[in-house]
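In: Okay, structure incoming, though there's no sequence with it:
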């Protein structure tokens, strides 16, 4: 037990020293897992919720703006250099063509194309001013939404942690009951066919 407490103290110290750096770097990529872990640590008092919101906002805004300019200046040659990006790039381009502003506001929430999307948006000729405005709005929505959701998810988990074994047992019993009834029904169907 003392060893666990000692290890937790080291982890907590590491989080206090490097947590905001991890949030910044995580928010630059598809970093919801980093944000959710940061939300847990904010709930426990090791990080500040307002600070992780500001840091994640800054990271996602910076990364997507930089990728937009990569697309604007190198567009097609950038995609051609990395052929493995082609299917995701095509998907992002089709979504941009179909949904326009809605896509620019929501690409952060679409798994698998988040990083390539700003490159495609830049390459497609969307103006700097338009992208900056929509990117700013989307970054606020993503950072506030993700960080607050993570914080309250941590609260929910910790508040009701004692119920998890009962919930799991209930799900196992329910699943077992459904399986048993299904087997009984199959056996009855097979015996009716034999008659």
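Out: Perfect, thanks for sending it. Bear in mind the structure is a predicted one, so any value in this text is a computation, not a measurement.
In: Could you tell me which ranges of this protein sit under the pLDDT cut-off?
Out: Residue ranges of the chain with pLDDT under 70: 1-8, 162-164, 166-167, 192, 194-195.
In: Could you chop it up by domain?
Out: Following automatic domain parsing, one finds the domains of the chain at 2-159, 163-195.
In: quick one, phi/psi of the most centrally placed residue in the chain?
Out: The residue lying closest to the centre of the chain (Cα atoms, centre = their mean) is residue 32, at 3.2 Å. Backbone torsions for residue 32, taken as degrees, to the nearest 10, come to phi -60, psi -30.
In: hang on, the earlier thing: winner for burial among the domains of the chain?
Out: Counting by mean count of other Cβ atoms under 10 Å, domain 2-159 has the highest mean neighbour count of these, with a mean of 17. The C-beta positions use only the backbone N, C-alpha and C, and glycine is treated the same way.
In: hang on, the earlier thing: look up how far residue 14 lies from the nearest residue to the residue nearest to the centre of the chain once chain neighbours are set aside.
Out: Computed as Cβ to Cβ, 6 or more residues apart in numbering, the closest residue to residue 32 that is not its neighbour in sequence is residue 146, at 6.0 Å. Noted for residue 146: a distance of 22 Å to residue 14, by Cβ to Cβ, to the nearest Å.
In: And the helices in the protein, which stretches?
Out: 2-27, 32-43, 49-81, 86-99, 101-106, 116-123, 128-159, 164-194 (DSSP state H).
In: quick check: angle from the first one to helix 32-43?
Out: Direction vectors for helix 2-27 and helix 32-43, defined by axes from the mean of the first three to the mean of the last three Cα atoms, to 10 degrees, enclose an angle of 130 degrees.
In: same question, the third one
Out: In terms of direction (the same axes, to 10 degrees), helix 49-81 departs from helix 32-43 by 170 degrees.
In: Can you give the contact residues for stretch 101-117?
Out: For stretch 101-117, the external contacting residues (Cβ atoms under 8 Å, 6 or more residues apart in numbering) are 29-30, 60, 64, 67, 85, 88-89, 91-92, 95-96, 99, 118, 121, 126, 130-131, 134-135, 137-139, 141-142.
In: distance between it and the chain's centre?
Out: How far stretch 101-117 lies from its chain's middle: 12 Å, per Cα atoms, centre = their mean, to the nearest Å.
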